[in-house]
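Trainee: below is the sequence, then the predicted model.
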Amino acid sequence: MEDIDKLIKETLTEEEAKFYDELDEQNVLEMVLGVFTGKNKWILIMMNIMTLVFFGLAVYCTIQFFSTDATNDLIKWGIGGFLFLMAVSIMKIFVWMQMDKNALLRELKRLELQVSSLSAKMS
């Protein structure tokens, strides 16, 4: 892998080499922060706010569930807590899918750059 990277960097211009370095693998924190860039950042901000609200409501439902004695109320608070936790899970899965999409796009850009670099070297 190192030899391929070295070969590619030799064929790239300085600007292209800088861009190639920016496409390197990211750690988890960089991936999470990378979700909040681009056209859909407002949706992801709203989803995170709603995730916090739903988590708070799930905690409230759980507290109410353990503080009641009536069977009907136990069922209502239990179902409410379950639904809010499911909503939190769904929103978190969506965010993780966006992180994965960004990682795939970054790898595709690297691949495109490698192909164009190698084709320019062969010409």
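Mentor: Good, I have the coordinates. The shown structure was predicted, so the numbers you read here are calculated from the model rather than taken from an experiment.
Trainee: so where's the chain shaky on pLDDT?
Mentor: For the chain, the stretches with pLDDT under 70 are 1-24, 123.
Trainee: which residues touch the most centrally placed residue in the chain?
Mentor: Residue closest to the mean C-alpha point of the chain, counted by CA atoms, centre = their mean, is residue 99 at 2.5 Å. Neighbouring residues of residue 99 by CB atoms under 8 Å, 6 or more residues apart in numbering: 31, 32, 34, 35. For every residue, glycine as well, the C-beta is placed using N, CA and C.
Trainee: which stretches of the chain form strands?
Mentor: For the chain, no strands are identified by DSSP state E.
Trainee: now the helices for it?
Mentor: Using DSSP state H, the helices of the chain run over 2-11, 14-22, 28-35, 41-66, 71-122.
Trainee: which elements pack onto the fourth one?
Mentor: Other helices and strands packing on helix 41-66, by 3 or more CB pairs under 8 Å, 6 or more residues apart in numbering; DSSP states H and E, are helix 71-122.
Trainee: now, of the contacts of residue 99, which are buried?
Mentor: 31, 35 (16 or more other CB atoms under 10 Å).
Trainee: residue 42: neighbour count?
Mentor: Neighbour count of residue 42, defined by other CB atoms under 10 Å: 9.
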